[in-house]
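Asks: need a 3D model of the sequence below.
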Amino acid sequence: MANACCGISPMHVRILVLVGLAFVTHAAPFDFEDHGELFFVQSRAHFQARRAASSEDGVCMQIEDVELARPIRDVLAEHPGEDGWCIFGALGIWASKCAVARRSGSMVGFAAMGDAMYSRYLPVPKLMGPKRVQLPGGSQITIRDHIYPFDDLYCYAMGWYGLDRYQAVHNITYAEEVSKQSCGSLEKSYQNISMKEMMDRADSDAAELAWKVWSASPLPEVSQSLIDGMRLHAAAKCALSNGHGAICDVANCAERGCLLPEGTVGYTLRGECASVV
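Replies: The predicted structure follows:
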């Protein structure tokens, strides 16, 4: 968590990670009562309420906490023939719905699920002011998702905002090839990654990035550590299916948005990118 050095205080932004949900609230300009609800944003890296095992629903088994701390590849080795997404499906719909999508050979439903989640806040202008951030190496991007900017940095850092968006959602062979190429550069560095490591890192990275986006700094810097966290996140997804496991995130990024001129992230739900579901 970044400190309060940049003109933002805990009174204005609080990021709470509780049983896998990130609750992000902003005290001043946005009246949640006018919109009927708080925004509950689920990171695909976090717990939801655990669900009963049903392989048809993408939950092949109940997963114990001790398994979360073990290398993902070791857990999968004990369940030959099972999809890693289904093995960890009880952690939440980010995993179980991906397992269902992979089994059906279609990413459309998973990408549409992302739209349903993002629709709760991406179309709200008061939550979408532009924030330009400086990346390692000197490049810059403009993020306007102030609720869960993690996904923008993740999609951008992995190169998944620069794909053939329609193919990424509708052609599972294309999505698998993208995943394979992305995962190939990660496997050696993260061979023993555990699910717990991914979830813990996603919590801290999401919090740090949110503080930067909400800060008063005109051009906050994204550290190399944050970029490395995006790669770690992808590596864990890759590990769930022998280098092809990131395909659901590939599809989600493709439907979520696209890159507009001058490095601005555009959003499908704001009509800035064509929907591909």
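
Asks: would you map the strands across the stretch 101-250 of the chain?
Replies: Secondary structure of the stretch 101-250 of the chain, counting by DSSP state E, counting those that start in this stretch: strands at 131-134, 140-143.

Asks: okay, these in a markdown table with mean neighbour count and distance to Ser96 next?
Replies: Quick note: C-beta positions are derived from backbone N, CA and C, even for glycine. Converted to a markdown table, the strands of the stretch 101-250 of the chain look like this (neighbours: other Cβ atoms under 10 Å; distance: least, Cβ to Cβ, whole Å):
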| stretch | mean neighbour count | distance to Ser96 |
| --- | --- | --- |
| strand 131-134 | 18 | 32 |
| strand 140-143 | 18 | 28 |
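
Asks: any chance of these in TSV, plus mean pLDDT and distance to Phe150?
Replies: Output for these, formatted as TSV (pLDDT from 0 to 100; distance: least, Cβ to Cβ, whole Å):
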stretch	mean pLDDT	distance to Phe150
strand 131-134	97	12
strand 140-143	97	10
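
Asks: and these: which comes nearest Gly58?
Replies: With Cβ to Cβ as the measure, strand 140-143 is the member of the strands of the stretch 101-250 of the chain nearest Gly58 (30.4 Å).

Asks: then that closest one to PDB, C-alphas only?
Replies: The C-alpha trace of strand 140-143 is given here as PDB (Å, rounded to 0.1, in the frame of the first residue of the first chain):
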ATOM      1  CA  GLN A 140       2.500   6.600 -20.600                       C
ATOM      2  CA  ILE A 141      -1.100   5.500 -20.500                       C
ATOM      3  CA  THR A 142      -4.300   7.200 -19.500                       C
ATOM      4  CA  ILE A 143      -6.500   5.200 -17.200                       C
END
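
Asks: give me the distance from that strand to the chain's centre.
Replies: When distances are taken as Cα atoms, centre = their mean, to the nearest Å, strand 140-143 is centred 17 Å away from the chain's centroid.

Asks: and if you look at stretch 108-120?
Replies: Using Cα atoms, centre = their mean, the distance between the centre of stretch 108-120 and that of its chain works out at 12 Å.

Asks: buried stuff in it?
Replies: With burial defined by 16 or more other Cβ atoms under 10 Å, the residues of stretch 108-120 counted as buried are 110-111, 113-115, 117-118, 120.

Asks: quick revisit: Throw the strands of the stretch 101-250 of the chain into a markdown table and include distance to Asp228, thanks.
Replies: A markdown table is the format used below for the strands of the stretch 101-250 of the chain (distance: least, Cβ to Cβ, whole Å):
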| stretch | distance to Asp228 |
| --- | --- |
| strand 131-134 | 16 |
| strand 140-143 | 17 |
